[in-house]
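Peer 1: Got a predicted structure here, sequence first:
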Amino acid sequence: MKKWIYPLLLLTATTPVFAKETPSFVHVTEPTSPRNIQILLQKDASEVLLEVKGPYYLLNPHDGSRIASGLLGKRFMVRELENGLKWGEEFPGIHQFYIKPRSQETSIFVGGIQYSGAVAVYGVGNCVHVINELDIETFVKSILTSQFPTPLEAEVLSALAILVRTDAYFHATKNDGSFWHLTSQEAGYLGSALVIPGSPLEKAVDSTKHLILVRREKGEQHPFATSWTEHSAGKTASYETIFRKDGFAPDKGVEAPHAALTRAESKWSCKVAKKTLANRAGLSQIQAIETFVDTASNKVYGVRLKDVSDSYDLNFFALQELVGKENLLSSDFTISLKDDQVIFSGFGKGHGAGLCLYSASALAQNGENAVKILSKFFPDACLYNVNALPKNAAR
């Protein structure tokens, strides 16, 4: 993997934005206490299979006191009883516990899926919530491994590592003090079993350790919600436009010239029967479809399905669920109604916000490093070492 170096980000001076010229490069001091992230794995479950292989501590997450410990591991269903949690044995008066590995060889499984870090169990109203707490660097490796089974260029992987880490810090700081920061479904988190030691993905995470993107607000640096799309067809949209929520991300997309050159080749189309789409949307029929388009990027962020007396509004992702993600490939499309068919015609692939992977790969193949790639898609952001991130950085 090509090694890339990153600029020093001063703690007492204004952090420079990405410059048009290549900045000076020096070593950045590694932080001593990286942050953790808490992922909700199970919510309101009647029972969950919980297994520990290897020595562990069972702690009270409220005060850190030890409830129990084990040397050989344990495997039982965990459930909430009227007087406390039960995991093999009953724990009277205890409605929450925290499983902490005592060895690096200890593994924790929830519902048969292996997770790194520690696991907290909370009993609420005869149901259990299960939360995985792990360090963000390990979390980034897990996310990239599950979402990119086929490795990309080394510099693209490094750029993605920074983006995933940035998004994790955004949610961890924004939801600081909450029982969890993200759900496993929101994060696309599938545990740690798939991570391969020494893989290109792991090397990309390690080579960018503790680096995130931030944006300035009222003199402070803040991480923001990030995303990527497979092929932007020439332009990207802002995070807020596509996801319809505030993530403190840049409010404008950018031009993606490399993707624009292959826009025609990325053309696609699909057809869905009006009756099928109406049934899925809960309408009697479809007489018209209105699209809501971001004029700057030409991306569709929502539609309105209309029948005789009612209408149904959907965002892009909800529409993808109705039509099928394998059919509605991107948010860059138009709709026409012909006879009993709804015809979608579009370009590119993906929701269209954030980093365009097609363009990033082209830039990497042309010799650009991860810093330069990110600068083209997040021009008003700064590269930051989390050791310099204020503890009150939540927005």
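Peer 2: Yep, that arrived. Numbering: from 1, shown residues only.
Peer 1: From the contact counts, what lies against the lowest-mean-pLDDT helix or strand in the chain?
Peer 2: Taking mean pLDDT, DSSP states H and E as the measure, the helix or strand of the chain with the lowest value is strand 220-222, at a mean of 87. Counting contacts by 3 or more C-beta pairs under 8 Å, 6 or more residues apart in numbering; DSSP states H and E, strand 220-222 is packed against strand 211-217. C-beta: built from backbone N, CA, C; applies to glycine.
Peer 1: from the chain's centre, how far out does stretch 69-76 sit?
Peer 2: 32 Å (C-alpha atoms, centre = their mean, to the nearest Å).
Peer 1: What residues of that stretch count as buried?
Peer 2: Burial within stretch 69-76, assessed by neighbour count using 16 or more other C-beta atoms under 10 Å, is assigned to 70, 74.
Peer 1: got the end-to-end distance for it?
Peer 2: Start-to-end span of stretch 69-76 (C-alpha to C-alpha, to the nearest Å) is 15 Å.
Peer 1: Same check on stretch 40-58?
Peer 2: Stretch 40-58 end-to-end distance (C-alpha to C-alpha) = 19 Å.
Peer 1: Average pLDDT for that stretch, rounded please.
Peer 2: Per-residue pLDDT values over stretch 40-58 give a mean of 97.
Peer 1: buried ones in it?
Peer 2: 40-43, 48, 50-54, 56-58.
Peer 1: tell me which of those residues is nearest to residue 313?
Peer 2: For the buried residues of stretch 40-58, the residue nearest residue 313 by C-beta to C-beta is residue 43; the value is 26.9 Å.
Peer 1: Stretch 328-342: how far from the chain's middle?
Peer 2: 28 Å.
Peer 1: With stretch 252-268 instead?
Peer 2: Relative to its chain's centre, stretch 252-268 lies at 23 Å (C-alpha atoms, centre = their mean).
Peer 1: got it, and stretch 210-218?
Peer 2: Per C-alpha atoms, centre = their mean, the centroid offset for stretch 210-218 relative to its chain is 17 Å.
Peer 1: before we move on, what about stretch 160-175?
Peer 2: 8 Å.
Peer 1: tell me which residues of that stretch are tucked away?
Peer 2: Neighbour-count burial for stretch 160-175 [16+ other C-beta under 10 Å]: 160-174.
Peer 1: What of stretch 288-304?
Peer 2: 289, 293, 294, 297, 298, 299, 300, 301, 302, 303.
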